[in-house]
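Novice: Fold the following and give me the result.
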Amino acid sequence: MNESVETIPAKTGAGSQIIPTRCVIILDQELPVGRAVNAAAVIALTIGQRHPVLVGEPLVDGAGFAHPGLIPIGIAVLAASRSELGEIRRKGLETGCDVIDFPVEGQQTTDYQAFREAVAGIEPEAIQYAGVALVGQKKAVRKIVGNLGLLK
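Specialist: This is a model prediction of the structure:
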């Protein structure tokens, strides 16, 4: 199956974006701590880029100093087996979630061009993921990941 699946967030009306109400990152439960943190950081950066509406207003402390805004809906970090990650990704796409995936080759290469070349040589159904994020409506996301536990 070589068809490309669009992962851009859903649009409604005159080009306005539906604001997501749930965001989760699901990581391979077998990743060592350092690789898990790396995968979550890479995925979170892409979530922020794709969904700038999810970055909250600056936080102002008692002295009036502004701290960068954070995500007001939170990001649960869940664990799944590597084999489950592909299925979660597929279900997310079918449900209309925005899916941000991080192929394992991202942690096996030393630069982005090598990463791109490595992924280009893999058939879509053979890609394995270090992590996957789902961004969408709470009910749809919960239906897909409701049985998963938090990453420990």
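
Novice: per-residue pLDDT, the closest residue to Ser81 other than its chain neighbours?
Specialist: Nearest residue to Ser81, sequence neighbours excluded (CB to CB, 6 or more residues apart in numbering): Gln29, at 6.2 Å. Bear in mind the C-beta positions are built from the backbone N, C-alpha and C, glycine included. The score at Gln29 is 98. That number is its pLDDT.

Novice: Could you do Asn38 as well?
Specialist: Confidence at Asn38, expressed as pLDDT, is 98.

Novice: What about it, how many residues nearby?
Specialist: Using other CB atoms under 10 Å, the number of residues around Asn38 comes to 17.

Novice: Tell me who's in contact with it.
Specialist: By CB atoms under 8 Å, 6 or more residues apart in numbering, the residues touching Asn38 are Gln107.

Novice: Now the helix or strand that contains Ser83: average pLDDT?
Specialist: Assessed by DSSP states H and E, Ser83 sits inside helix 82-95. In this model, helix 82-95 has a mean pLDDT of 97.

Novice: Follow the chain on from it and name the next helix or strand.
Specialist: Downstream of helix 82-95, the next assigned helix or strand under DSSP H and E is strand 98-103.

Novice: Can you give me the buried ones in the helix or strand following that next one?
Specialist: Counting by DSSP H and E, the next helix or strand C-terminal to strand 98-103 is helix 112-120. Using 16 or more other CB atoms under 10 Å as the burial criterion, the residues of helix 112-120 that qualify are Phe115.

Novice: Stretch 82-101 too?
Specialist: Neighbour counts over stretch 82-101 (16+ other CB under 10 Å) mark 82, 84-86, 88-89, 91-93, 95, 97-101 as buried.

Novice: now the longest helix belonging to the chain against strand 98-103, angle please.
Specialist: For the chain, the helix with the greatest residue count under DSSP state H is helix 33-50. Comparing the axes of helix 33-50 and strand 98-103 via axes from the mean of the first three to the mean of the last three CA atoms, to 10 degrees yields an angle of 150 degrees.

Novice: per-residue confidence for Glu3?
Specialist: On the pLDDT scale, Glu3 gets 44.
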